[in-house]
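Peer 1: From the sequence below, what's the structure:
(2 chains)
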Amino acid sequence: MKISNILRLMFGYRTSCIGALIILAVSSVAIAADVIAPKHYSDVDIVKKLQPPSWKCIFGTDHYGRDVFSRVVYGTRIALWVGLLVVLVEALVGVGLGLIAGYYGGGLDKVILAITDMTWALPPIVLALGVITLIGPGLTQVVAAIALVSWPPFTRVVRAKMVSLKEREFILAARSIGESSLNIIFRYLLPNIVPSIIVLMTLTLPSAILSTTALSFLGFGAQPPTPDWGAMLSEGAAQLIIAPWIATFPGIFIVITALGFNLLGDGLRDILDPKLKI
Amino acid sequence: MPLLDVKGLKTYFYTNRGVVKAVDGASFTVNENEIFCLVGETGCGKSVTALSIMRLIFPPGKILSGKALYKEEDLLKIPESEMQKIRGREISMVFQNPMNSLNPVFTIGYQISEAPTVHFNLSKKEAWKRTTDLIRDVKITDADTRAKCYPHVLSGGMRQRTMMAMMLSCNPNLLIADEPTTSLDVTIQAQILDLLIEIKKKRRMSVILITHNFGLVAEFGDRVAVMYCGKVVEIGDVTTIFRNPLHPYTRGLLRCLPIGYKRKSKLGFIPGTLPSPIDTPSGCSFHPRCEHSTKSCKLREPELVEYEKNHFVACHLYER
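Peer 2: Here you go, the predicted model:
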């Protein structure tokens, strides 16, 4: 299916259209953060601290007098960047293991599956906390920690697809014209799995963002004054009664971003379904 | 000098319920430039024989013993990397179900060009020309447009033609056609087989035609081997076998064919059913269903002997 076809379908389908528009909006905010934000995210103006939202500063200010709107806008960058990075690393690890397990089968498959199941059985946040305790706090560490614990869905999906695909006759046909194993994996099997991987990536992205936010909320992720949404939530939580806007706006953005990716993923799942092929 | 000489091929499948002797000592030869038919009931090991020659047997299956001499080289012994060069360029295979034999995510042009591009290092332009020529060779009209189609928009017959184009793309000397027409309707069947014959003549290659249809054998075959329970029970020229079938199983099969002018007579049948491949009968595996069965049939397995010139049969009735 051509890219133009996919795009046409994506915007013609209500769920994915809304999702795509949200992602587009959030991404443009991230890209144009320097233009959109009225102030730098770490500009402190202690005189104007804890100002409620007004026309001059629409999301209000926090307890250091920093502009919440600017911080939320800059936070978009971190959320998207971290989310994408986590998902990419997850996909790389998970898909790689899934391809090997599904194609070669046998003992290798059993070992990989056992590792996958064990990793999946561990509570991700707790395991990530453990990893961070070992390697220290920080955004890079958060990416590594989350990716390290949440690749199993990719392995499971890819392996399951491989197991059924490799029994299909076109794979036998490919072998009978003398294709090597490597060629069969990357030129015959993988292209058939890519749609599932894309869908899984869009559906995992929100949870990756939520996990990083959670770790930052607990103080293990981005360190101040980095405008991470999770860190902002936890800072705002202390002033929730007197200045609810500090925590509310980052929270709303987290929800919107996660929702956008989920809607897009759901839509893509339907669009990339082979039965619906145009 | 035969092109392919299969000797005592044994391929077993080790399942939880026991060992399935899918091919149990099959021997036959395929000469150059001929259509060799492999006939037998479903489950008698025809397809497994073909896949064994291509070395496409995967666990729990295993090729136990035997030889498959192709141009005096034993295909069952050479390393896998050598075998990959044989597949496609020397021997290739058309499968039963064209619906599943094509990759759903690529255009047929891409799929046809894939193997030759890899094997012969062609440029994009050369590969495209070769592809459209192949598509024309298998008689698909409007090759340039069709090459850009995905498999799901093509009909069954067109997919089987595409499959043939794909398998011919590296100029094989031997084409194995595993029931290429079973899933197509009768008119398309005839077209596909005519095409097969035409291509065979044009390229002077050999074809192993696997089928359960004696009608096709009579129409298209040069020589024929009849398989039963993983063994070849009779081999000979098509005319000889039709005129003078020796093995009781072959006779039985031929009796089962409806013949136009004898419309009122009853159709023959072979009593009993195909035995389970897990526990095949002792001695000659056909003896429980055979009308001529004697004591020695139960005890001893008959050997394939030459009854008359180029006509081999494995039955105690003809052993001297």
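
Peer 1: Buried ones in stretch B:82-100, by neighbour count?
Peer 2: By 16 or more other Cβ atoms under 10 Å in any protein chain shown, the buried positions in stretch B:82-100 come out as B:83-84, B:86-98, B:100. C-beta coordinates here come from the backbone N, C-alpha and C atoms, glycine included.

Peer 1: quick one: the strands in chain B?
Peer 2: According to DSSP state E, chain B carries its strands in the segments B:4-15, B:18-30, B:35-39, B:61-70, B:73-74, B:91-94, B:174-178, B:206-211, B:223-228, B:231-237, B:305-308, B:311-313.

Peer 1: ranking these by burial, who's on top?
Peer 2: Between the strands of chain B, strand B:91-94 has the highest mean count of neighbours, a mean of 28, where neighbours are mean count of other Cβ atoms under 10 Å in any protein chain shown.

Peer 1: what mean pLDDT would you report for that strand?
Peer 2: Per-residue pLDDT values over strand B:91-94 give a mean of 88.

Peer 1: Show me what it is packed up against.
Peer 2: In this structure, strand B:91-94 makes packing contacts with helix A:169-176, helix B:156-168, strand B:174-178, judged by 3 or more Cβ pairs under 8 Å, 6 or more residues apart in numbering or on different chains; DSSP states H and E.

Peer 1: so which of the strands of chain B comes closest to residue A:93?
Peer 2: The closest of the strands of chain B to residue A:93 is strand B:61-70. By Cβ to Cβ, the value is 32.9 Å.

Peer 1: Quick one: mean pLDDT for that closest one?
Peer 2: On average, the pLDDT along strand B:61-70 is 86.

Peer 1: Stretch A:207-222 too?
Peer 2: Averaging pLDDT residue by residue across stretch A:207-222 gives 85.

Peer 1: before we move on, what about stretch A:266-278?
Peer 2: For stretch A:266-278, the mean per-residue pLDDT is 69.

Peer 1: what about residue B:279, neighbour count?
Peer 2: Residue B:279 is flanked by 11 other residues according to other Cβ atoms under 10 Å in any protein chain shown.

Peer 1: Check the one 3 residues further on too.
Peer 2: By the other Cβ under 10 Å criterion, the neighbourhood of residue B:282 contains 13 residues.

Peer 1: Just the pLDDT for the spatially closest residue to residue B:135 that is not a sequence neighbour.
Peer 2: Nearest residue to residue B:135, sequence neighbours excluded (Cβ to Cβ, 6 or more residues apart in numbering or on different chains): residue B:143, at 4.0 Å. With respect to pLDDT, residue B:143 has a value of 83.

Peer 1: Around chain A, pick out the residues from chain B.
Peer 2: Listed as neighbours of chain A in chain B under the rule Cβ under 8 Å from any Cβ of the partner chain: B:54, B:56, B:59, B:84-89, B:92-93, B:95-97, B:100-106, B:114-115, B:118-119, B:150, B:152, B:163, B:166-167, B:169-170.

Peer 1: try it again with 6 Å
Peer 2: B:54, B:56, B:84, B:87-88, B:92-93, B:95, B:97, B:100-103, B:105, B:115 (Cβ under 6 Å from any Cβ of the partner chain).

Peer 1: for chain A, longest helix please?
Peer 2: What stands out as the longest helix in chain A, according to DSSP state H, is helix A:68-104.

Peer 1: What is that helix packed up against?
Peer 2: helix A:14-31, helix A:33-36, helix A:106-121, helix A:139-149, helix A:152-165, helix A:190-217, helix A:245-271 (3 or more Cβ pairs under 6 Å, 6 or more residues apart in numbering or on different chains; DSSP states H and E).

Peer 1: For the fifth one, C-alpha coordinates in CSV please.
Peer 2: Listed next in CSV are the C-alpha coordinates belonging to helix A:152-165 (Å, rounded to 0.1, in the frame of the first residue of the first chain):
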residue,chain,number,x,y,z
PRO,A,152,8.3,-8.0,25.7
PRO,A,153,5.1,-7.0,23.8
PHE,A,154,7.1,-6.5,20.7
THR,A,155,8.8,-9.9,21.0
ARG,A,156,5.5,-11.6,21.6
VAL,A,157,3.7,-10.0,18.7
VAL,A,158,6.6,-10.4,16.2
ARG,A,159,7.3,-14.0,17.2
ALA,A,160,3.6,-15.0,16.9
LYS,A,161,3.4,-13.4,13.5
MET,A,162,6.6,-15.1,12.4
VAL,A,163,5.5,-18.5,13.5
SER,A,164,2.3,-18.3,11.4
LEU,A,165,3.9,-16.5,8.4
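
Peer 1: what distance separates the longest helix anywhere in chain B from the centre of its chain?
Peer 2: Across chain B, the longest stretch assigned as helix under DSSP H is helix B:186-203. Here helix B:186-203 is found 15 Å from its chain centre; the criterion is Cα atoms, centre = their mean, to the nearest Å.

Peer 1: hmm, who's touching that helix?
Peer 2: With contact meaning Cβ atoms under 6 Å, 6 or more residues apart in numbering or on different chains, helix B:186-203 is reached by B:157, B:160, B:181, B:207, B:220.

Peer 1: okay, those residues in a markdown table with distance to residue A:225 and pLDDT next?
Peer 2: Shown next, in a markdown table, are the contacts of helix B:186-203 (distance: Cβ to Cβ, whole Å; pLDDT from 0 to 100):
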| residue | distance to residue A:225 | pLDDT |
| --- | --- | --- |
| B:157 | 69 | 83 |
| B:160 | 68 | 85 |
| B:181 | 74 | 82 |
| B:207 | 76 | 90 |
| B:220 | 82 | 86 |
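
Peer 1: Flag the shaky bits of the chain, pLDDT-wise.
Peer 2: With no chain named, the answer covers chain A. Residue ranges of chain A with pLDDT under 70: A:1-2, A:273-278.

Peer 1: The chain in question should be chain B.
Peer 2: Low-confidence segments of chain B, defined by pLDDT under 70: B:259-265, B:320.

Peer 1: could you redo the last one with a cut-off of 80?
Peer 2: Filtered on pLDDT under 80, chain B yields the residue ranges B:1, B:98-99, B:118-122, B:183-184, B:257-268, B:277, B:293, B:319-320.

Peer 1: Spatially central, which residue of it would that be?
Peer 2: residue B:210 (3.0 Å; Cα atoms, centre = their mean).

Peer 1: could you measure it against chain A, distance?
Peer 2: For residue B:210, the distance to chain A equals 14 Å [Cβ to the nearest Cβ, to the nearest Å].

Peer 1: in the sheet, who's paired with that residue?
Peer 2: Going by DSSP bridges, residue B:210 is paired in beta bridges with residue B:38, residue B:178.

Peer 1: host element of the nearest residue to residue A:246 once chain neighbours are set aside?
Peer 2: Among residues not flanking residue A:246 along the chain, residue A:236 sits closest, at 3.4 Å (Cβ to Cβ, 6+ apart). Element membership for residue A:236, per DSSP states H and E: helix A:229-238.

Peer 1: Can you point out the buried residues in that helix?
Peer 2: A:229, A:230, A:231, A:232, A:233, A:234, A:235, A:236.

Peer 1: Buried residues, stretch A:193-209. List them.
Peer 2: Using 16+ other Cβ under 10 Å as the test for burial, stretch A:193-209 gives A:193, A:195-209.

Peer 1: Check those against residue A:135 and report the nearest one.
Peer 2: Looking across the buried residues of stretch A:193-209 and measuring by Cβ to Cβ, the closest to residue A:135 is residue A:208, at 18.2 Å.

Peer 1: residues contacting the residue nearest to the closest one when sequence neighbours are not counted?
Peer 2: Once flanking residues are discounted, residue A:208 sits nearest to residue A:86: 3.9 Å by Cβ to Cβ, 6+ apart. Residue A:86 sits next to A:143, A:146, A:147, A:208 when contact means Cβ under 6 Å, 6+ apart.
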